[in-house]
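**Q** coordinates for the following, if possible.
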Amino acid sequence: MKKIKVKFSGRILTAIFASISILAVFFIFIFIFSQGLPLFTEIGLSDFLFNLTWRPTASPPSFGIIPLVLGSLLVTGLALLISVPIGLLGAIYIAEIAGSKVRELLKPVIEILSGIPSIVYGFFGLIFLVPAMQATFGLPTGETALTGGIILAIMVLPTILSIAEDAMSSVPADYKEASLALGATKWRTIRSVTIPAAASGIAAGIILGFGRAIGETIAVMMVTGGSPIIPTSIFSPVRTMTQTIAAEMGEAVFGGLHYNSLFAIGIVLFILTFILNLVAVKLIKKHGGGK
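**A** So this is what the prediction gives:
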């Protein structure tokens with residue numbers, strides 16, 4: 001009877017906390033949309049999505065989100081371009097090549113890297129990476145999209161590496177043994193068997209890394225320059241969507257168009273991250289189902 005009561009109480013507590021989490025997300029969803037949607041009654045959705053200028057305090061104001069979207073995508077794209085190859089190579093090494101002692105040493109190190117606060121990465125970028133970029137490329141300022149991309153790459157690398165390594169480690173040993181038995185080399189087996197079998201898990205890690213990168217705020221704010229302009233190169237100062245919300249919320253008049261526009265940016269980010277997480281969950285389920 002005691003075991004039954006404990007199990008029953010555990011189920012109730014789990015259901016309660018799960019319901020609280022769902023309700024919290026629901027109310028956040030309602031709050032963001034209730035504050036952001038009034039903007040579209042004033043300027044129209046097309047003007048918000050396709051206008052090329054972000055000047056919310058000008059006269060007349062302009063609330064075009066395109067420069068912010070392009071800035072976010074450029075920084076995030078650079079981060080993935082750097083972190084994905086390194087993450088995949090690291091995952092291959094840990095899952096397929098490293099010995100058990102090395103694997104036991106590297107896994108905690110990766111977890112520690114993923115737990116470092118964003119402000120620490122931003123401070124590192126501001127003190128060391130920004131001057132290095134300025135001196136190396138002869139730039140007027142080292143606060144560029146590339147600098148932000150490098151910092152984000154360091155930040156999302158543990159996520160991509162860890163999930164990709166888990167996916168590769170979960171590939172059945174029979175697959176690898178069969179490939180080796182047919183005469184394939186270890187590298188050929190990794191390339192032709194392990195990676196394709198773990199593809200959905202690897203893709204999920206990349207998508208989650210993308211979601212982490214595009215939602216990052218403080219580290220990006222410290223190293224990208226904060227210019228709400230359409231970037232012309234990887235050395236252009238940029239401003240991301242999250243950076244704009246953090247930088248301008250304190251100066252926006254409550255209930256005004258500027259205030260509503262920042263929540264409208266939040267709606268775009270909410271929808272984007274929701275889609276990314278939905279795709280990642282489906283890929284992870286697909287990967288899990290293939291075990």
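
**Q** quick one, strands of this protein?
**A** Ranges of strands in the chain, per DSSP state E, are 54-55, 62-63.

**Q** pipe these into a markdown table and attach mean neighbour count, distance to residue 248 and mean pLDDT per row.
**A** C-beta coordinates here come from the backbone N, C-alpha and C atoms, glycine included. Formatted as a markdown table, the strands of the chain follow (neighbours: other Cβ atoms under 10 Å; distance: least, Cβ to Cβ, whole Å; pLDDT from 0 to 100):
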| stretch | mean neighbour count | distance to residue 248 | mean pLDDT |
| --- | --- | --- | --- |
| strand 54-55 | 18 | 10 | 93 |
| strand 62-63 | 20 | 11 | 94 |
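
**Q** of all residues in this protein, which one is nearest the centre?
**A** residue 212 (1.9 Å; Cα atoms, centre = their mean).

**Q** correct me if wrong: that one contacts residue 157.
**A** No - assessed by Cβ atoms under 8 Å, residue 212 is found out of contact with residue 157, at 10.3 Å.

**Q** residue 131 and residue 142 touch, don't they?
**A** Yes - with contact defined as Cβ under 8 Å, residue 131 counts as touching residue 142 (5.8 Å).

**Q** list the buried residues of the helix ranked longest in the chain.
**A** Identified as the longest helix of the chain according to DSSP state H is helix 2-36. Residues 32, 35-36 are the ones in helix 2-36 that count as buried (16 or more other Cβ atoms under 10 Å).

**Q** out of the residues you listed, who's nearest residue 203?
**A** Of all the buried residues of helix 2-36, residue 203 sits closest to residue 32, with 28.1 Å by Cβ to Cβ.

**Q** show the pLDDT at the closest one.
**A** Per-residue pLDDT puts residue 32 at 92.

**Q** swap in residue 194?
**A** So, for residue 194, pLDDT stands at 91.

**Q** any chance you could map the helices in the stretch 151-291 of the chain?
**A** 173-181, 186-189, 195-197, 199-214, 218-223, 241-248, 257-289 (DSSP state H, counting those that start in this stretch).

**Q** the fifth one packs against which elements?
**A** Helix 218-223 sits against helix 118-124, helix 145-169, helix 241-248, with contacts defined as 3 or more Cβ pairs under 8 Å, 6 or more residues apart in numbering; DSSP states H and E.

**Q** just name the most buried of these.
**A** Of those, the one with the most neighbours on average (mean count of other Cβ atoms under 10 Å) is helix 145-169, at a mean of 25.

**Q** tell me the helices and strands packed up against that helix.
**A** helix 66-92, helix 100-115, helix 118-124, helix 130-137, helix 199-214, helix 218-223.
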